[in-house]
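Peer 1: quick one: sequence plus predicted model below, questions after.
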Amino acid sequence: MKKKTFILAGLSLAAAHVATQEAVKSSFEKYFRADPDLEQTDITEVLPNEEVRELYFEQVDTHVSWFRSVKTEEQEITSFDGLKLNAVLIRCNEDHRYLLMAHGFRTDRYLLLKQAYEMSKRGYNTLLIDQRGYGHSQGEYTTFGLKESLDIAQWVNHLISLDPEAEIGLYGVSMGASSILMALGTTLPENVRFVISDSAYSTLPAEMEYLYNKQMPTGFPLYSLYLNGILKDKLGFKIEDVDCLRAVSQNQIPVLFIHSNTDKTIPYEQAIDLFNANEGYKKFYPLKNCEHIFGCYQDPHYFDNIEQFIKNI
């Protein structure tokens with residue numbers, strides 16, 4: 001009887017390993033492979049609820065009309081690993097103030113048109129980048145900020161090459177915010193004056209575990225072990241390498257952290273961890289009852305708080 005029980009337990013364990021391996025393969029394709037059909041995605045699939053949809057469609061015509069009326073310049077750089085990366089520079093004035101803007105997961109630069117529109121009214125030229133694997137930028141895989149952070153640093157240097165007197169702010173949402181925070185772990189030029197981080201994750205392991213546990217309450221250590229095997233083989237890194245907490249721990253560039261207390265995609269607690277870990281000047285703007293990355297639509301004081309933060313640094 002004991003032998004039979006042992007065999008059944010072994011078979012059950014083997015089946016669990018096989019199921020986990022299949023789940024990991026599926027997750028790798030879902031989360032790390034870039035989406036070549038992103039431009040065909042219906043925007044309503046990205047908008048989380050009816051309130052946000054109404055706010056978005058009330059304003060989108062204004063933002064698109066503005067974008068078509070202003071001076072825009074396509075920009076391109078070649079990444080450290082040979083990818084052609086694309087951005088659009090929106091020049092609204094002759095000032096030397098720029099805001100480099102980085103979008104989030106499974107979107108592209110054009111989801112940031114509202115932010116570009118609002119910040120242009122506050123005197124900023126804006127560089128809307130397509131992160132690797134998205135929009136008009138090349139790339140087969142997303143690395144959730146690891147390689148993207150090096151791209152951010154390269155875009156900063158590109159802006160300075162266009163305008164050596166550039167005063168640059170970095171703004172990102174979700175994965176874009178985490179990419180920017182990771183860039184703070186590199187040596188950025190003094191031209192970078194501030195950072196706005198909206199809805200960033202603290203570390204990739206923390207975020208992956210949160211997403212995993214929403215579907216399956218146990219087994220994340222085995223899942224992460226298999227996932228790291230695939231990542232190491234295909235992309236050359238582990239999920240533990242994506243660590244915004246470590247990147248900001250010695251940062252001295254002023255940061256405004258923005259996060260909603262009801263964010264169901266990246267927990268509010270991760271923003272608190274980031275705020276506590278950041279070494280230099282920092283402020284925290286808590287959003288209330290807003291959807292992930294859509295506080296700019298739902299909170300009427302969103303841009304005024306950004307403007308106030310910039311004035312106070």
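Peer 2: On my side now, so go ahead.
Peer 1: tally of neighbours for residue 311?
Peer 2: The criterion is other Cβ atoms under 10 Å. On that basis, residue 311 has 7 neighbouring residues. C-beta here means a position set from N, CA and C on the backbone, and glycine is covered the same way.
Peer 1: show me what contacts the residue positioned nearest the centre of the chain?
Peer 2: For the chain, the residue nearest the mean C-alpha position is residue 175 (1.6 Å; Cα atoms, centre = their mean). With contact taken as Cβ atoms under 8 Å, 6 or more residues apart in numbering, residue 175 is in contact with 102-105, 131, 142, 144-145, 148, 201.
Peer 1: closest one to residue 25 out of these, please.
Peer 2: residue 142 (16.2 Å; Cβ to Cβ).
Peer 1: that closest one contacts residue 34, correct?
Peer 2: Yes: counting by Cβ atoms under 8 Å, residue 34 is a contact partner of residue 142 at 5.8 Å.
Peer 1: what is the burial count for residue 260?
Peer 2: The local packing of residue 260 (other Cβ under 10 Å) involves 24 other residues.
Peer 1: if you could redo that for residue 222, that was the one I meant.
Peer 2: When neighbours are counted by other Cβ under 10 Å, residue 222 registers 15.
Peer 1: next, it: phi, psi?
Peer 2: With angles defined as degrees, to the nearest 10, residue 222 sits at phi -70, psi -40.
Peer 1: could you report the pLDDT at it?
Peer 2: The model reports residue 222 with a pLDDT of 88.
Peer 1: so what's it closest to, chain neighbours aside?
Peer 2: Once flanking residues are discounted, residue 222 sits nearest to residue 20: 5.3 Å by Cβ to Cβ, 6 or more residues apart in numbering.
Peer 1: secondary structure element holding that neighbour?
Peer 2: Secondary structure from DSSP states H and E places residue 20 in helix 2-27.
Peer 1: and residue 215, what pLDDT?
Peer 2: In this model, residue 215 is scored at 77, pLDDT.
Peer 1: just residue 3 next, same as before
Peer 2: At residue 3, the pLDDT value in this model is 53.
Peer 1: for the residue nearest to the centre of the chain, give its distance to residue 196.
Peer 2: Here residue 175 is placed at a distance of 15 Å from residue 196 (Cβ to Cβ, to the nearest Å).
Peer 1: with residue 91 instead?
Peer 2: From residue 91 to residue 196 the distance is 20 Å (Cβ to Cβ).
Peer 1: how many residues are close by the nearest residue to residue 59 once chain neighbours are set aside?
Peer 2: Here the nearest residue to residue 59 in space, its sequence neighbours aside, is residue 114; by Cβ to Cβ, 6+ apart that works out to 6.4 Å. If you count neighbours by other Cβ under 10 Å, residue 114 ends up with 20.
Peer 1: pretty sure residue 114 contacts residue 61?
Peer 2: No: using Cβ under 8 Å, residue 114 makes no contact with residue 61, being 11.8 Å away.
Peer 1: so how far does stretch 93-106 reach from one end to the other?
Peer 2: 31 Å (Cα to Cα, to the nearest Å).
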